[in-house]
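# Predicted model and sequence below, questions to follow.
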Amino acid sequence: QVIEREELAVVLLDMRMPGMDGPEVVSRMKSDPRGRSLPVIFMTAASNDVEDVRRAYAHGCVDYMQKPLDVDIVRGKVATFVELLRQRLPEQQRGTLRI
């Protein structure tokens, strides 16, 4: 798993995927101690289904975005989580973060 090898600031995850949907992926991810506090932003191309939004937040997402996505908005959200992680890391690790 990526969360075992990398220090992640945020995960961008599609809500509806073939085989396993986003909430199922998050449930598995959150079962790992390193993934429990990892923020997740769900994205979807589906209509704004209130049940999907509720399900996403029930599985611990921090945001829910509908496609088509605005690149500047996504970049801004990711940059916020990268900065939050940067503040928590020891000084020597802060320069290794990349977007």
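Perfect, I can see it now.
# Name the helix or strand for the residue nearest to Ala58 when sequence neighbours are not counted, please.
Leaving out its chain neighbours, the residue that sits closest to Ala58 by CB to CB, 6 or more residues apart in numbering is Pro23, at 7.7 Å. C-betas here are computed from N, CA, C, even on glycine. In the assignment (DSSP states H and E), Pro23 maps to helix 22-30.
# Quick one: residues contacting the closest residue to Pro39 other than its chain neighbours.
Once its chain neighbours are removed from consideration, Pro39 has its nearest residue in Val62; the separation is 4.4 Å (CB to CB, 6+ apart). Residues counted as contacts of Val62 (CB atoms under 8 Å, 6 or more residues apart in numbering) are 10, 39-41.
# Same check on Tyr64?
Residues in contact with Tyr64 (CB under 8 Å, 6+ apart) are 15, 41-44, 53, 56-57.
# Now restrict those to buried residues only.
If you count burial by 16 or more other CB atoms under 10 Å, the buried members of the contacts of Tyr64 come out as 15, 41-44, 53, 56.
# want to throw those residues into TSV with secondary structure?
As requested, the buried ones among the contacts of Tyr64 are arranged in TSV below (DSSP: H, G, I helix; E, B strand; the rest coil):
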residue	secondary structure
Met15	coil
Ile41	strand
Phe42	strand
Met43	strand
Thr44	strand
Val53	helix
Ala56	helix
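# could you measure Gly76 against Leu89, distance?
For Gly76, the distance to Leu89 under the criterion CB to CB, to the nearest Å works out to 21 Å.
# So for those two, which sits in the more crowded spot?
Residue environment comparison for Gly76 versus Leu89 gives the larger neighbour count to Leu89, 14 against 10, counting by other CB atoms under 10 Å.
# For the more buried one, report the pLDDT, please.
Reading off the per-residue confidence, Leu89 sits at a pLDDT of 76.
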